[in-house]
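>>> predicted model and sequence follow; I will ask about them next.
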Amino acid sequence: MEPAGPARVERRLAAILAADVAGFSRLIECDEEGTLGRLRMLRAEVIDPQIAGHRGRIVKTTGDGLLAEFASVVDALRCAAEMQGVLAESNAQFPPDRRIEFRIGINVGDIVVEDGDIFGDGVNVAARLEGLAEPGGICVSARVQEDAAGRLDLAFEDIGEQQLKNIVRPVRTYRVGTTPRSASAPAKSGPPLPNKPSIAVLPFANMSGDPEQEYFADGMVEEIITALSRIRWLFVIARNSSFTYKGQSPDIRQVGRELGVRYVLEGSVRKAGGRVRITAELIDTQSGAHIWADRFDGSLEDVFDLQDKVAISVAGVIEPALQVAEIRRSSDRPTSDLTAYDLYLRALANFPWSGREHMAKAIDLLEQAIARDPGFAPALARAAVCHARRRLDGYTEAPQTTRRQAARLAEQALALAGDDPGVLADVALVLGDDGAAEISIAIMLIDRSLTLNPGAARAWFISGMLRVMAGEHDRAIKHSQTCLRLGPRGPVGVPLYVIGLAHFFSHRFGEAADQLALSVRTYPGWPLPLRALAACYAHMGRLDDARAVIEQLRSVGPVMASSEINRYRRAEDRELLSSGLRLAAREPT
């Protein structure tokens, strides 16, 4: 009997359509039951009949998307265009923040069919093209445009070669419009992008049903623009430019081109009774990707105080979201094209540098940035923090030399940009880590930083850390909790360490152990929370757990670091930490 040969793989050429709902998570958060019900209705009454009517097959669905295949490119594109037209009519009855809008990507390629599912590079490209489409829009590959041009009454806008995630080759991409338009007509353009992150805040939609409440929505946007303008590394478009779009529903990509910005913040304000709800969404104008979205609720007892609080909160959560987006964009660039700012961003990519290798890499990148631009104060300040941390974590054989390096860099940064809130915060941390004698000056600097930019999550963490050093433990917990609120997607293990440390010095060992264990789980290679957790377990009598943490600590740094112990102002705090570590490190008899 001859052995069976390899299973035959079914391949065929197909037009692949990928679609998903834009801002689905935000819609679910606002109205879960209503959104899911409307989505089911749209599937039953619009989407499924359209695909079947154009001889397509739905391959699979997800919670907010679907994948379909067609034998004909023309059928696939006609189906997508008609579907988007019907969906636009259906959405007209809803306010902008409640509309269910699909993004669609279409590609032609060879696919592999297995158990009814389809796979292959052609499918992957379609999915990535969908991510480039704007809400309610369609993006297609050049192959689709070539096959469909002249056969459908659609306009194709060439948006150039796009580098799609996990796709090696660049893909020539076209944006599809339902109104005929010359593909060669140049897009309306504006100023070039500045050499730092840039943002425009569009007028928020007034969803209150009361035209007289426009002032409130406009005032909210003005407060947000003012708050964002305090972020020194961010280029913010002035109100008189962004308000030219008031009353419009502009194409976000076009806004980016006309204003010369990479990011746009848009949103809505709804007042009802004594309550107000603000929704906001941050969008990349080049890719159309939604980077961040959130909702804020509050009371109208003090309108202007609420505006200020929302503006600070929005600025606080946007800052890390923008920084993450910029770091990701920078990391995709070839090394030969790096500028000082890109080097700086690469150094921040692994923050909080929870390990010897991360720290060394960050210092190397920051030194390159400083060599390229000796006046780059933020890079100088972060380099100072790195050297202070090297001494604190026990990563240096010459602690006094490292201490002097940190002090020198901090002095240079402060001299160059003493009014930059980020630089003030970093210098405050360096001074605080230098020893108990500098704590008062460090607290003065961090308070100044928070006055200049009260929405900076990292500054609230530094303030919490300095308060722990000064013995103000309850205030340290409060400031660290503010950090967590402003930066819920940031490095949460860092403020958790401060909260745990404050509980530890207050002899609330149970609460301390819970927070410190979470911090260690987040950053297992960071010595500081490991030391605090080992000491905490020792004082609780959990000596086996304490010794296990000590073993983990020995793999990343020394058990005892005098520079860490000596930064605490209160003698009883220094003794509590050091005695706990001695007890944890003692061999069992």
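Great, that's in hand.
>>> quick one, what contacts Val221?
Residues near Val221 by CB atoms under 8 Å, 6 or more residues apart in numbering: Val201, Leu202, Pro203, Phe204, Arg239, Ser242, Phe243. In this view, the C-beta of every residue, glycine as well, is placed from N, C-alpha and C.
>>> give me the domain ranges for this protein.
As given by automatic domain parsing, the domain ranges for the chain are 10-177, 198-314, 333-454, 464-589.
>>> let me see the ranges of the helices in the stretch 101-250 of the chain.
121-132, 142-148, 214-229, 239-242 (DSSP state H, counting those that start in this stretch).
>>> avg pLDDT for stretch 495-515?
The predicted model assigns stretch 495-515 a mean pLDDT of 95.
>>> quick one: the strands in the protein?
For the chain, strands defined by DSSP state E occupy the ranges 10-21, 56-61, 65-70, 102-114, 117-119, 138-141, 155-162, 171-177, 198-201, 205-206, 235-236, 263-272, 275-284, 290-299.
>>> so how far is Asp573 from Arg586?
For Arg586, the distance to Asp573 equals 21 Å [CB to CB, to the nearest Å].
>>> compare these two (neighbour count), which wins?
A direct count of neighbours by other CB atoms under 10 Å for Arg586 and Asp573 places Asp573 higher, at 22 against 13.
>>> and the closest residue to Ile363 other than its chain neighbours, how many residues sit next to it?
In space, and not counting its chain neighbours, Ile363 is closest to Cys386: 4.9 Å by CB to CB, 6 or more residues apart in numbering. By other CB under 10 Å, 27 other residues sit near Cys386.
>>> and Met540, what is it in contact with?
Residues in contact with Met540 (CB under 8 Å, 6+ apart) are Phe509, Gly510, Ala513.
>>> let me redo that: Gly525
When contacts are counted by CB under 8 Å, 6+ apart, Gly525 touches Ser354, Gly355, Arg356, His358, Val556.
>>> what about the stretch 51-200 of the chain, any weak spots by pLDDT?
Scanning the stretch 51-200 of the chain with the threshold set as pLDDT under 70 gives 178-191, 195.
>>> can you dump the C-alpha coordinates of stretch 153-167 into CSV?
Output in CSV follows, covering the C-alpha atoms of stretch 153-167 (Å, rounded to 0.1, in the frame of the first residue of the first chain):
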residue,chain,number,x,y,z
ASP,A,153,-18.3,55.7,-11.0
LEU,A,154,-15.8,56.2,-8.1
ALA,A,155,-12.9,58.5,-7.5
PHE,A,156,-9.5,57.2,-6.5
GLU,A,157,-7.1,59.4,-4.5
ASP,A,158,-3.5,58.1,-4.6
ILE,A,159,-2.1,58.4,-1.1
GLY,A,160,1.3,56.9,-2.0
GLU,A,161,3.2,53.9,-0.9
GLN,A,162,2.3,52.8,2.7
GLN,A,163,4.5,50.7,5.0
LEU,A,164,1.9,48.4,6.5
LYS,A,165,2.5,46.6,9.8
ASN,A,166,4.1,43.2,9.3
ILE,A,167,4.1,43.6,5.5
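>>> got the buried residues for that stretch?
Residues Leu154, Ala155, Phe156, Glu157, Gln162, Leu164 are the ones in stretch 153-167 that count as buried (16 or more other CB atoms under 10 Å).
>>> swap in stretch 517-528?
Judged by neighbour count using 16+ other CB under 10 Å, the buried positions of stretch 517-528 are Ala517, Leu518, Ser519, Val520, Thr522, Tyr523, Gly525, Trp526, Pro527, Leu528.
>>> quick one: which of the contacts of Val221 is most hemmed in?
The member of those surrounded by the most neighbours (other CB under 10 Å) is Val201, with 30 neighbours in all.
>>> report the two of the buried residues of stretch 517-528 separated the most.
Spanning the widest gap among the buried residues of stretch 517-528 are Leu518 and Pro527, at 16.4 Å by CB to CB.
>>> would you agree the residue nearest to Ile363 is in contact with Met359?
Yes: counting by CB atoms under 8 Å, Met359 is a contact partner of Cys386 at 6.0 Å.
>>> picking up where we left off before, so can I have CSV of the contacts of Val221 showing distance to Arg275?
What follows is these, written out as CSV (distance: CB to CB, whole Å):
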residue, distance to Arg275
Val201, 23
Leu202, 24
Pro203, 22
Phe204, 16
Arg239, 26
Ser242, 27
Phe243, 26
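>>> ok, those residues vs Ser463, which is closest?
Closest approach between the contacts of Val221 and Ser463, by CB to CB: Val201, at 27.1 Å.
>>> my guess is the closest one meets Ile225, correct?
Yes: counting by CB under 8 Å, Ile225 is a contact partner of Val201 at 5.1 Å.
>>> show the end-to-end separation of stretch 157-171, please.
Terminal residues of stretch 157-171 are spaced 14 Å apart (CA to CA, to the nearest Å).
>>> could you do stretch 159-177 as well?
Counting by CA to CA, you get 13 Å between the two ends of stretch 159-177.
>>> distance from it to the middle of the chain?
Taking CA atoms, centre = their mean, to the nearest Å, the mean C-alpha location of stretch 159-177 is offset from the chain mean by 23 Å.
>>> where does the stretch 351-500 of the chain dip in pLDDT?
Scanning the stretch 351-500 of the chain for pLDDT under 70 picks out 351-354, 436, 486-490.
>>> enumerate the positions of stretch 534-541 that are buried.
Residues Ala534, Ala535, Cys536, Tyr537, Ala538, His539 are the ones in stretch 534-541 that count as buried (16+ other CB under 10 Å).
>>> in helices, which of these appear?
Counting by DSSP state H, the part of those found in helices is Ala534, Ala535, Cys536, Tyr537, Ala538, His539.
>>> ok so, going back, mutual contacts of Val201 and Ile225, please.
Shared contacts of Val201 and Ile225, defined by CB under 8 Å, 6+ apart, comprise Val236, Ser242.
>>> ok, back up a step: buried among the contacts of Met540? Make that a ChimeraX selection.
Provided next is the ChimeraX selection string for whichever of the contacts of Met540 are buried by 16+ other CB under 10 Å:
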select :509,513
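>>> so what's the closest residue to Ala383 other than its chain neighbours up against?
Counting by CB to CB, 6+ apart, Leu366 is the residue found nearest to Ala383 once chain neighbours are left out, at 4.2 Å. Leu366 sits next to Leu343, Tyr344, Ala347, Ala379, Arg382, Ala383, Cys386 when contact means CB under 8 Å, 6+ apart.
>>> mind doing that once more with 10 Å?
Contacts here follow CB atoms under 10 Å, 6 or more residues apart in numbering; on that basis Leu366 touches 340, 343-344, 346-348, 376, 378-387, 409.
>>> tell me where the stretch 401-550 of the chain has helices.
Assigned by DSSP H, counting those that start in this stretch, the helices in the stretch 401-550 of the chain fall at 421-433, 439-452, 457-470, 473-486, 493-505, 509-522, 527-540, 543-554.
>>> will you turn these into a markdown table that also has distance to Leu13?
A markdown table is the format used below for those (distance: least, CB to CB, whole Å):
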| stretch | distance to Leu13 |
| --- | --- |
| helix 421-433 | 54 |
| helix 439-452 | 60 |
| helix 457-470 | 51 |
| helix 473-486 | 51 |
| helix 493-505 | 50 |
| helix 509-522 | 48 |
| helix 527-540 | 56 |
| helix 543-554 | 55 |
